[in-house]
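Asker: Here is my input; please provide its structure:
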Amino acid sequence: MAAPTTVHYESGEVMEKGLKTGALGLVSSIVIGVASTAPAYSLAATLGFVVLLAGTQSVIVSILAFVPIFLVSLGYKELNRREPDCGTTFTWATKAFGPKTGWLGGWGIIAADILVMASLAQVAGQYGFDLFGAHGIGGNSTSGWVLLVGIMWIVVMTAICYVGIEISANFQKVLLTIEVVMLAVYAITALVKVYSNKGTAGSSHISLSWFNPAHIGITNFAQGILLMLFIYWGWDSAVSVNEETKDRTRTPGRAAVISTVLLLLIYALVSVATVAFAGVGTTGVGLANPDNSSDVITILGGAVFGSHGVGLVFSKLLTLMVLSSAAASTQTTILPTARTTLSMAAYKSIPKAFSKIHPRYLTPTVSTLAMGGVSILLYMLFNFVAAGNIIPDSVTAIGWFIAFYYGLTGFACTWYYRRELNRSARDLWMKGILPSLGGVMLFVALLVAAYYDWKPITGYTSWSMQFAPHWAIGGIFLIGSLTAIFGVVLLLLALPTYRPFFRGEVMSPAPELAETLRDN
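Answerer: The predicted structure follows:
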């Protein structure tokens, strides 16, 4: 019997994986890109901590964090034009740098998405009770009821992802509309109150000094940028569904870039309004009050809208907005992870089962269910470890993997197109200089994050070595480094099992790498 033939995918060739093609247009892709970042949840969970570092300059920090994200999104756009594959970073880094680097790029996506799910589920659980006035339960992050509702959210969002991309996109449109409208109403109401002298004791008019990064120490500025990277993360989901998009070589890339710009506008408006209304004081509703740091938006709801009549209704809607934001992001976190593992399995770098497609819904089956199942198990584990404090530390650790796979994509774009950079000024800048500049910024951010996260003071948990040299290591560093090590271990286990992929026999890497790989 003849040996089975291995199909070899050269540069510019994409494997058809059985997904439903042409299901999404530009608007749906943008909705998925913006919803994946969970703007309301991200601001509520992050802005207070940035204010502790940067004060009123948190406004300019939120704006400058956009720069590397935007530059890398240009790389996504250019790579998707040539290689519209749902594996995104996994596929592109494999073809640019080789299978091992590509495999680790895929792991970066998977790790970030799985780590964030516990936080999203917990927020959905807590806010679900807060919405109906059950603050005693909602205020207890380790409550069994919160855990149950969080698990139910993951199950529901997994089911929606399972039954079809169009249903997922339509559901996102509803949730995102609620979210963006309420953010706009909140920001405008806050600014009107400030300028009509009906704000809080800490309210102040907008000042140009808020936009001057020179007023921040370099250490606090770097840490603030790292925190703000999290609020922009997720827009690449618009590219992860590229094989299900109309005009898939153009629409996903455009949606990714447009999503990042829309996020900048949303974050700039809300940040300015929140700082102006609440101020950066350490008491009351002040943003530097440590009691407010983990959720500044909902805490300000009553102060901005009032606690009676119509104001109470809007305050509840604000809570619903954060809840819907977390729910939407839960769904759009499952989508790209399932498609990454689908692509990795289709190119024979992980078990074949992950490449299965539902015959009716045309969605990844095993990949989607596995993402939901692993997320539930990890959420349950995190909920019981260190009284649940490991969950916020895991969210901060996500920044490592965001910086890694976004930055890797920026470098992959430049290397992939290196022979075309001298064709025009546009090619040089859009395919070469700008994506790599974004990659450099993100890799520097990764190194800075690792340095600061080593210190226990940066997170909620830590571990003291019981042997010399008896270091106390921050929980964020432990989560990030152990997750990275686990990825490397999985890679080492995959090397002998999936030799055709790692020898470059399935997906063609850069020509100068191909012969070296096949000699191994």
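Asker: Tell me, please, where in this protein the pLDDT is lower than the cut-off.
Answerer: 1-13, 508-520 (pLDDT under 70).
Asker: ok, for A238, nearest residue in space, not its chain neighbours?
Answerer: Nearest non-adjacent residue to A238, counting by Cβ to Cβ, 6 or more residues apart in numbering: G33, 3.3 Å away. Backbone N, C-alpha and C define where each C-beta goes, glycine included.
Asker: pretty sure the one you found contacts A256?
Answerer: Yes: judged on Cβ atoms under 8 Å, G33 makes contact with A256 at a distance of 5.9 Å.
Asker: tell me, what's touching the two both at once?
Answerer: 235-236, 238 (Cβ atoms under 8 Å, 6 or more residues apart in numbering).
Asker: Most neighbours of all these, which one?
Answerer: A238 (35 neighbours; other Cβ atoms under 10 Å).
Asker: element containing it, please.
Answerer: helix 237-240 (DSSP states H and E).
Asker: buried set for the helix or strand that that helix is followed by?
Answerer: For helix 237-240, the following helix or strand on the C-terminal side (DSSP H and E) is helix 251-278. Residues of helix 251-278 classed as buried: 251-260, 262-264, 266-278 (neighbour count, 16 or more other Cβ atoms under 10 Å).
Asker: related to what we said a few turns ago, ok, the residue nearest to A238 to L323 distance?
Answerer: Note on G33: its distance to L323, by Cβ to Cβ, to the nearest Å, is 21 Å.
Asker: Which residue ranges of the stretch 401-520 of the chain form strands?
Answerer: 462-464, 472-474 (DSSP state E, counting those that start in this stretch).
Asker: Can I get the ones you listed in CSV including distance to I376?
Answerer: Listed next are the strands of the stretch 401-520 of the chain as CSV, based on distance: least, Cβ to Cβ, whole Å:
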stretch, distance to I376
strand 462-464, 25
strand 472-474, 27
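Asker: returning to what we had before: quick check, nearest of the shared contacts of G33 and A256 to L79?
Answerer: The nearest member of the shared contacts of G33 and A256 to L79, counting by Cβ to Cβ, is D236 at 11.1 Å.
Asker: Could I get the contacting residues of the closest one?
Answerer: 33, 36, 73, 76, 88, 256, 336, 406.
Asker: Got a ChimeraX select line for the buried ones in the residues you listed?
Answerer: The following ChimeraX line selects those of the contacts of D236 that are buried, judged by 16+ other Cβ under 10 Å:
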select :33,36,73,76,88,256,336,406
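Asker: just the contacts of D236 now: which is nearest Q122?
Answerer: S36 (18.1 Å).
Asker: what's around P99, how many residues?
Answerer: Going by other Cβ under 10 Å, the residues that sit close to P99 add up to 28.
Asker: how near is it to P500?
Answerer: 10 Å.
Asker: Could you name the specific helix or strand carrying A118?
Answerer: Taking DSSP H and E as the definition, one finds A118 inside helix 99-131.
Asker: in that helix, what's buried?
Answerer: Quick answer for helix 99-131 (16+ other Cβ under 10 Å): 99-130.
Asker: before we move on, back to that, for the contacts of D236, which one is nearest F314?
Answerer: The closest of the contacts of D236, once distances to F314 are taken by Cβ to Cβ, is S36, at 25.9 Å.
Asker: how near is A328 to T177?
Answerer: 11 Å.
Asker: let me fix that: E78
Answerer: Distance from E78 to T177, by Cβ to Cβ: 31 Å.
Asker: more neighbours, these two?
Answerer: E78 (23 against 13).
Asker: does the more buried one really touch G410, like I thought?
Answerer: No: E78 lies out of contact with G410 (Cβ under 8 Å); the separation is 10.3 Å.
Asker: Okay, K356 and P364: tell me how far apart.
Answerer: The value you get for K356 to P364, if Cβ to Cβ is used, is 7 Å.
Asker: which of the two has more neighbours?
Answerer: P364 (32 against 16).
Asker: all helices for the stretch 351-500 of the chain, in order.
Answerer: 366-384, 390-416, 425-426, 434-453, 475-497, 499-502 (DSSP state H, counting those that start in this stretch).
Asker: closest to A45 out of those helices?
Answerer: The closest of the helices of the stretch 351-500 of the chain to A45 is helix 390-416. By Cβ to Cβ, the value is 7.2 Å.
Asker: where do the helices sit along the stretch 151-300 of the chain?
Answerer: Ranges of helices within the stretch 151-300 of the chain are 165-195, 218-232, 237-240, 251-278, 296-305, based on DSSP H, counting those that start in this stretch.
Asker: quick one, which of the ones you listed is nearest to N389?
Answerer: helix 218-232 (17.4 Å).
Asker: start to end distance for stretch 288-303?
Answerer: Taking Cα to Cα, to the nearest Å, the first and last residues of stretch 288-303 lie 16 Å apart.
Asker: Touching that stretch from outside, list them.
Answerer: Stretch 288-303 is touched from outside by 40, 43-45, 47-49, 51-52, 55, 127, 130, 186, 190, 200, 270, 274, 277-278, 280-283, 285-287, 311, 314-315, 318-319, 322, 392, with contacts defined as Cβ under 8 Å, 6+ apart.
Asker: How much space separates T409 from A255?
Answerer: Distance from T409 to A255, by Cβ to Cβ: 16 Å.
Asker: That should have said T340, apologies.
Answerer: From T340 over to A255 (counting by Cβ to Cβ), the distance is 18 Å.
Asker: Next: I457.
Answerer: 40 Å.
Asker: and the residue nearest to A238, what is it in contact with?
Answerer: So G33 contacts 234-238, 255-256, 258-259 (Cβ under 8 Å, 6+ apart).
Asker: switch the cut-off to 7 Å
Answerer: 235, 237-238, 255-256, 259 (Cβ atoms under 7 Å, 6 or more residues apart in numbering).
Asker: and it, how far is that from G439?
Answerer: G33 is 20 Å from G439, by Cβ to Cβ.
Asker: Same check on F70?
Answerer: F70 is 13 Å from G439, by Cβ to Cβ.
Asker: Now do the shared contacts for these two.
Answerer: With Cβ under 7 Å, 6+ apart, F70 and G439 have no common neighbours.
Asker: the more surrounded of these two?
Answerer: Neighbours per residue (other Cβ under 10 Å) separate F70 from G439, with G439 holding more: 24 against 19.
Asker: In contact with C413, which residues?
Answerer: So C413 contacts 75, 78-79, 431, 435 (Cβ under 7 Å, 6+ apart).
Asker: Could you give the number of residues near the closest residue to A268 other than its chain neighbours?
Answerer: When the adjacent residues along the chain are set aside, A268 lies closest to I63, with 5.7 Å between them (Cβ to Cβ, 6+ apart). Neighbour count for I63, taken as other Cβ under 10 Å: 18.
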